[in-house]
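Participant: next comes the sequence, and after it the predicted model I'd like to discuss.
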Amino acid sequence: MPERAVVGAHYGWRDWLVQRVTAVLMGLYTLLVLGLLLWFGGLDFGAWKAAFGNEAFRICTFVFMAALLWHAWVGVRNILMDYVKPVIVRLALQVLVIGALVGYAGWTLQILWGVR
């Protein structure tokens, strides 16, 4: 009889919930941007500059990016856990993905609140 690895209660439930909540957040931000498109009749440089000049819009954009990065992490981590069997390879790939996602978060902060 094969042994089963115990990963903790409700582990899959948390991932499922994170995927749904982050997807809803990304959908709401998409609706916000579509609303801006309709409001301004298109988005030229002036409209983008005005939108990103608003602190609330920058915070919404950061929340969107944080949700996107978390959503990506859960998805990629689950794919790696399911399909990459050698532990050292899986760990190396997970570290690379984490490094990239942290870099993207830093880049997002620099774009939104960096020196202009």
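Facilitator: Everything's here; your move. Everything numeric in this text was worked out from a predicted model, so none of it was measured.

Participant: helix or strand for the most centrally placed residue in the chain, which one?
Facilitator: Nearest to the mean C-alpha position of the chain, by C-alpha atoms, centre = their mean, lies Leu68 at 1.7 Å. When elements are assigned from DSSP states H and E, Leu68 belongs to helix 55-83.

Participant: just give me how far that helix sits from the chain centre.
Facilitator: Using C-alpha atoms, centre = their mean, to the nearest Å, the distance from the centre of helix 55-83 to the centre of the chain it belongs to is 1 Å.

Participant: could you find the closest non-adjacent residue to the residue nearest to the centre of the chain?
Facilitator: Spatial nearest neighbour of Leu68, excluding adjacent residues (C-beta to C-beta, 6 or more residues apart in numbering): Met26 at 6.0 Å. Just so you know, the C-beta spots here come from the backbone N, C-alpha and C atoms, and that holds for glycine as well.

Participant: contacting residues for the nearest residue in space to Leu101 that is not next to it in sequence?
Facilitator: Computed as C-beta to C-beta, 6+ apart, the closest residue to Leu101 that is not its neighbour in sequence is Leu69, at 4.9 Å. For Leu69, the set of contacting residues under the criterion of C-beta atoms under 8 Å, 6 or more residues apart in numbering consists of Leu101, Tyr104, Ala105.

Participant: thanks a lot, see you next time.
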